[in-house]
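Undergrad: My questions concern the predicted model and sequence given below.
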Amino acid sequence: MGFLLVDERDGRVLAHFLDPVEAFRALDELEQADPDLASALSLVSFNERRSSLVEAETTTRLRSLT
């Protein structure tokens, strides 16, 4: 199983990860560095053995303002 970091604005693949923890860590770091860019990104998981997409999901994070 692998993960692609995809820019939803134009479909570009920005990164490939084998470890889901690394993938979410990179997304978190991008969110801190460039929130506008991070809001346009998705992590797409895929099965490398079959070379097919198995799941696509856009993540939403909620944080308390207090």
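TA: Looks like it came in fine.

Undergrad: Enumerate the positions of stretch 2-14 that are buried.
TA: Neighbour-count burial for stretch 2-14 flags 3-6 (criterion: 16 or more other Cβ atoms under 10 Å). Every residue, glycine included, has its C-beta placed from N, CA and C.

Undergrad: cool, stretch 28-38 as well?
TA: Residues of stretch 28-38 classed as buried: 30-31, 38 (neighbour count, 16+ other Cβ under 10 Å).

Undergrad: Give me the subset of these lying in helices.
TA: Judged by DSSP state H, these include 30-31, 38 as members of helices.

Undergrad: Where does the prediction get shaky in the protein?
TA: Low-confidence segments of the chain (pLDDT under 70): 47-66.

Undergrad: now with 80?
TA: By pLDDT under 80, the weakly predicted segments of the chain are 1, 46-66.

Undergrad: just the strands in it please.
TA: Assigned by DSSP state E, the chain shows strands spanning 2-7, 13-17, 41-47, 52-57.

Undergrad: Check which helices and strands the first one is in contact with.
TA: If you count contacts as 3 or more Cβ pairs under 8 Å, 6 or more residues apart in numbering; DSSP states H and E, strand 2-7 packs onto strand 13-17, helix 20-33, strand 41-47.

Undergrad: Each with direction, which strands does it pair with?
TA: If you go by DSSP bridges, strand 2-7 pairs up with strand 13-17 (antiparallel), strand 41-47 (antiparallel).

Undergrad: so can I have TSV of the ones you listed showing distance to Ala26?
TA: Formatted as TSV, those follow (distance: least, Cβ to Cβ, whole Å):
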stretch	distance to Ala26
strand 13-17	6
strand 41-47	9
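
Undergrad: which one of the ones you listed is the most hemmed in?
TA: Highest mean neighbour count among the strands paired with strand 2-7 (mean count of other Cβ atoms under 10 Å): strand 41-47, with a mean of 17.

Undergrad: Between helix 20-33 and it, find me the angle.
TA: 170 degrees (axes from the mean of the first three to the mean of the last three Cα atoms, to 10 degrees).
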